[in-house]
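Colleague: fold the following for me, if possible:
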Amino acid sequence: MGYQEDFCSLLSSQVQRHGVDKLLEWLAGTDFFRAPASTRFHGACEQGLVMHSLNVYQAYMDRFYEEGVDNLESVTLCTLLHDLCKANYYKAGTRNVKNEATGQWEKVPTFNVEDQFPYGHGEKSVFLIERFVRLKPAEAVAIRWHMGGFDDAARGGSWAISQAYDAYPLAVKLHMADLTATYLMEKGTGRH
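Modeller: Okay, the predicted model is just below:
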């Protein structure tokens, strides 16, 4: 199976909530399954976003999942959908890079951000998910704060992230799984 099939199979088999089918229909109409995960850093390639989502799921299950403690449905929902905000977010383009061997400027493919709904990162993912599937408070908080210290609010001095991580282990584990996927599993999938 490919990334899209794996993603859809996991989500529909492990999440038994009203609206999952409608969410998957909506996703199929976006570029989610073709989009990159970032412009240059990790998963900056076709299908990078769905690859990253599956890697976050795998990292969580391999390293952080605790049988009898974690709820598999919540873990699946959060790991696979934490970056839903990146659907219809990137556009393919080019940028100029100097060829060190020739000294000439060359156009190279890149991805550019075109945010048509500037609502934040984690909070936008929560908003989009809840159009179809009702989230539990722990899930909403985990997705909202999955960026950890890279989140604009945290960089601005917000203390809410600390409170979120104290109250919801799912939020901490999702952030760590995201870091694991980004910096360990997907090393070399960016365009620097």
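Colleague: any idea which residue sits dead centre in this protein?
Modeller: What sits nearest the mean C-alpha location of the chain, by Cα atoms, centre = their mean, is D83, with 2.7 Å.
Colleague: from G122, how far off is it?
Modeller: Remark: distance between D83 and G122 (Cβ to Cβ, to the nearest Å) = 9 Å. All C-beta spots, glycine's among them, are computed from the backbone N, C-alpha and C.
Colleague: quickly note the distance from the residue in the chain sticking out farthest from the centre to V108.
Modeller: Using Cα atoms, centre = their mean, the residue of the chain lying farthest from its centre is T102. It sits 38.0 Å away. Separation of T102 from V108 (Cβ to Cβ) stands at 14 Å.
Colleague: what sits against the residue nearest to the centre of the chain?
Modeller: If you count contacts by Cβ atoms under 8 Å, 6 or more residues apart in numbering, D83 has them with A37, L49, H52, S53, S125.
Colleague: just the CA trace of stretch 39-46, in CSV.
Modeller: Extracted in CSV, the C-alpha atoms of stretch 39-46 (Å, rounded to 0.1, in the frame of the first residue of the first chain):
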residue,chain,number,x,y,z
THR,A,39,9.1,24.2,2.5
ARG,A,40,12.8,23.1,3.0
PHE,A,41,13.4,21.2,6.2
HIS,A,42,11.7,17.8,6.5
GLY,A,43,9.5,16.1,4.0
ALA,A,44,10.0,18.9,1.5
CYS,A,45,8.8,16.5,-1.3
GLU,A,46,5.7,15.3,-3.0
